[in-house]
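Chemist: need a structure here:
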Amino acid sequence: MKSTLALSLLLAFAASAFSEEAPVIEPGRGGANFLAKVQGGGKVHVAFLGGSITQNSKGHATLVPEWLRSKWPGVEFTVTNAGLASTGSVTGAFRFAEGVLEKGPVDLLVVEFAVNDDQDAILDRDTAIRGLEGVLRQYFAANPTGDAISVQFVNPEILAKHQAGEEAVSVAAHKAVARHYGIASVDVGLALAREIAAGRMTWEDDYRDTHPNETGYRFASGLIEKVIDESKASAEPVPVALPEPLDPGSYDRVSRLDPQALSWLGGWKFGPVSKELLPLGSIRGDYLNRPALRSDSAGDYLYHTFAGSTLAAFVLAGPDAGVVEVSVDGGEWRKIDLFHHYSKALNYPRTVLLAEGLSGTYHSIAIRTSEERNPKSEGNAATFLSFGVAE
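Modeler: Okay, the predicted model is just below:
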C-alpha cells in the first residue's frame, strides 16, 4: 500500500502537471492489451528490465506488482526482475533474450535505462536509440500482444536539465523510441522537477539520490500505476504491428557469443570470476563464478570471424583495466579504453562496441591487448564475460 505522503504527492501532481506543455506521462497505447489479459483472469507475466534502479528489491519492480496483486487479487501474477546494476540499454538489448525472453511470454514489460545511458554508458542519442529500440523490437517480435512502458528515472544531472527546461540526451532518445512504437512513457525526472518547483517535494528528503529512497520509489511507482489505471482494456489483446525501425542499426537481431568460440594467442586464462582471476578491485555477486576470458598483460591476441554489422563485448573493467586494439578485415588498429570512471575500486561491468557500422556479411576481427593504458589504470588487463553479434 502507498504511504499517505506518496498518495498526497501523486494527487497534487495529477492536478497540475498535465497542464504543462511537456507531459510527464505520454500514454501511447497505454496498457490496453495488458488489461485485457488481466481481466481475462488466469496467469499474467510482468517483467522489469533496467539497471540497479530496477534490480533493487525494494524498488518499483516490487512495489508495482504489489499494487497489481492488491487491485486484481484473483489474478496469478508472475514477476521477472531482470535488472542488472550498471547496465545500459545496449547491454539490455544484448542480454534481453537471456534475462527476459527465456522466462516465457511476457504481458507487460517495464523498462528503464535513461539514468545508466546518461551516467554509466554515456551514450550519444543514436546509440541510446539503438539500445532501447533493440529491446522493444525483440520484445514485440516475441510477444506481439504484449504492452510496454518506458520509464525515465532521474539523477542530479538529468534533474538539472529538466529544471533548465531541457532534456538529457538519454531521456529524449528513449522518449523518441517510445513514441515510434506507440508505447507509454513516464518521465520521473520531469515529474520530480515540477514537484520541487511547486514546493511539494525536495531532492534531499523525497528522492535522495540516483537510487531513490522509499518515497522516491513510491512516487515513481505511482506514475507507472497511473498508466495502467487510466488505460482502457481492449476487448481482447490486439497484436502490435512493428513499424520500420527508427534506426536500421538498432540491436534487435542479436546473438550471444561465448568467449571460448574465439581463437586466442598468448597468456589468456579462461575460468570462473574470482579474486584469483581478478586480484584487484571488488567483484559483485552477480558475476562471481561466471566464466570469463582474461589477459593480464599486453601483446595477447584474439581472433574471430563473424557475420553481422556489430561486435560487442561485455567486460569487467577493474582497477587494472587496460586498452584493447581492434582490427577489422585487416584494417587499421583502433584503440578502445576499457577503464571506466567507476573502475577505480570495482570490476565494473560494461559493454564496449568493438566494431560497428559494418556490412551484414562475414568479417574477420583481431583484438590485442595494448601496451598503452589509461593514466588512472594499474595494468593492461582485459576481462571478457561474453561477446554479442548484431546482424
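Chemist: contacts and neighbour counts: CA atoms only from here.
Modeler: Will do.
Chemist: and the gap between residue 306 and residue 325?
Modeler: 18 Å (CA to CA, to the nearest Å).
Chemist: again, but for residue 286
Modeler: With CA to CA as the criterion, residue 286 and residue 325 are 28 Å apart.
Chemist: When those two are compared, which one has more neighbours?
Modeler: The neighbour count for residue 286 versus residue 325, taken as other CA atoms under 10 Å, is higher for residue 325 (20 against 10).
Chemist: Without its sequence neighbours, what residue ends up closest to that one?
Modeler: Nearest residue to residue 325, sequence neighbours excluded (CA to CA, 6 or more residues apart in numbering): residue 335, at 4.4 Å.
Chemist: The one helix or strand that neighbour maps to pairs with which strands?
Modeler: Using DSSP states H and E, residue 335 sits in strand 334-337. Strand 334-337 has its sheet partners listed here by DSSP bridges as strand 323-328 (antiparallel).
Chemist: how far out from the middle of the chain is the strand it pairs with?
Modeler: The chain centre lies 26 Å from the centre of strand 323-328; the measure is CA atoms, centre = their mean, to the nearest Å.
Chemist: what about that strand, average pLDDT?
Modeler: When pLDDT is averaged along strand 323-328, the result is 98.
Chemist: Let me see the residues that make contact with it.
Modeler: If you take CA atoms under 8 Å, 6 or more residues apart in numbering as the criterion, strand 323-328 is touched by 333-339, 354-355, 363-374, 380-382.
Chemist: what's downstream of the helix-or-strand element of the chain with minimal mean pLDDT, the next helix or strand?
Modeler: Using mean pLDDT, DSSP states H and E, the weakest-scoring helix or strand in the chain turns out to be helix 4-16, at a mean of 41. Next along the chain after helix 4-16, taking DSSP H and E as the criterion, comes strand 25-26.
Chemist: does residue 79 sit in a helix, a strand or a coil?
Modeler: Here residue 79 is recorded as strand under DSSP: H, G, I helix; E, B strand; the rest coil.
Chemist: nearest spatial neighbour of it, skipping sequence neighbours?
Modeler: Nearest non-adjacent residue to residue 79, counting by CA to CA, 6+ apart: residue 46, 5.0 Å away.
Chemist: Quick one: neighbours of that neighbour, just the number.
Modeler: Neighbour count for residue 46, taken as other CA under 10 Å: 24.
Chemist: In contact with it, which residues are there?
Modeler: Listed by CA under 8 Å, 6+ apart, the contact set of residue 46 reads 65, 77-80, 106-110.
Chemist: buried sites along stretch 232-244?
Modeler: Neighbour-count burial for stretch 232-244, counted by 16 or more other CA atoms under 10 Å, picks out 233, 237, 240.
Chemist: Relative to the helix or strand residue 271 falls within, what are the paired strands and their orientations?
Modeler: Secondary structure from DSSP H and E places residue 271 in strand 269-272. Paired strands of strand 269-272, with direction, are strand 291-295 (antiparallel) (DSSP bridges).
Chemist: and the angle from the helix or strand that the strand it pairs with is followed by to strand 323-328?
Modeler: Counting by DSSP H and E, the next helix or strand C-terminal to strand 291-295 is strand 301-307. Strand 301-307 runs at 40 degrees relative to strand 323-328, counting by axes from the mean of the first three to the mean of the last three CA atoms, to 10 degrees.
Chemist: Can you name every helix or strand that the next helix or strand after strand 301-307 contacts?
Modeler: Next in sequence after strand 301-307, counting helices and strands by DSSP H and E, comes strand 310-317. The elements that strand 310-317 packs onto, with contact taken as 3 or more CA pairs under 8 Å, 6 or more residues apart in numbering; DSSP states H and E, are strand 348-355, strand 382-390.
Chemist: Please identify the deepest-packed of these.
Modeler: By mean neighbour count, with neighbours taken as mean count of other CA atoms under 10 Å, strand 382-390 ranks first of the helices and strands packed on strand 310-317 at a mean of 23.
Chemist: which strands and helices sit next to that strand?
Modeler: Against strand 382-390 (3+ CA pairs under 8 Å, 6+ apart) you get strand 254-257, strand 291-295, strand 310-317.
Chemist: In the sheet, which strands lie alongside that strand, parallel or antiparallel?
Modeler: strand 254-257 (antiparallel), strand 291-295 (antiparallel), strand 310-317 (antiparallel).
Chemist: mind putting these in JSON lines, distance to residue 121 and mean neighbour count included?
Modeler: Listed next are the strands paired with strand 382-390 as JSON lines, based on distance: least, CA to CA, whole Å; neighbours: other CA atoms under 10 Å:
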{"stretch": "strand 254-257", "distance to residue 121": "19", "mean neighbour count": "18"}
{"stretch": "strand 291-295", "distance to residue 121": "21", "mean neighbour count": "21"}
{"stretch": "strand 310-317", "distance to residue 121": "12", "mean neighbour count": "24"}
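Chemist: sorry, back to before: please convert the buried members of the contacts of strand 323-328 into PyMOL selection syntax.
Modeler: Listed next is the PyMOL selection for buried residues among the contacts of strand 323-328, using 16+ other CA under 10 Å:
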select buried, resi 335+336+337+338+339+354+355+363+365+366+367+368+369+370+373+374+380+381+382
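Chemist: Any idea how far whichever helix in the chain runs longest is from the middle of the chain?
Modeler: If you go by DSSP state H, the chain has its longest helix at helix 125-142. Helix 125-142 sits 10 Å away from the centroid of its parent chain (CA atoms, centre = their mean).
Chemist: on contacts alone, who are the packing partners of the very next helix or strand once past it?
Modeler: For helix 125-142, the following helix or strand on the C-terminal side (DSSP H and E) is strand 147-152. On a contact count with 3+ CA pairs under 8 Å, 6+ apart, strand 147-152 meets helix 32-39, strand 108-111, helix 114-119, helix 169-181, strand 184-187, helix 188-197.
Chemist: Out of the ones you listed, the one nearest residue 53 is which?
Modeler: Closest to residue 53 of the helices and strands packed on strand 147-152 is helix 114-119 (CA to CA; 8.8 Å).
Chemist: how about the closest one: buried residues?
Modeler: Of the residues in helix 114-119, 114-119 count as buried by neighbour count, 16+ other CA under 10 Å.
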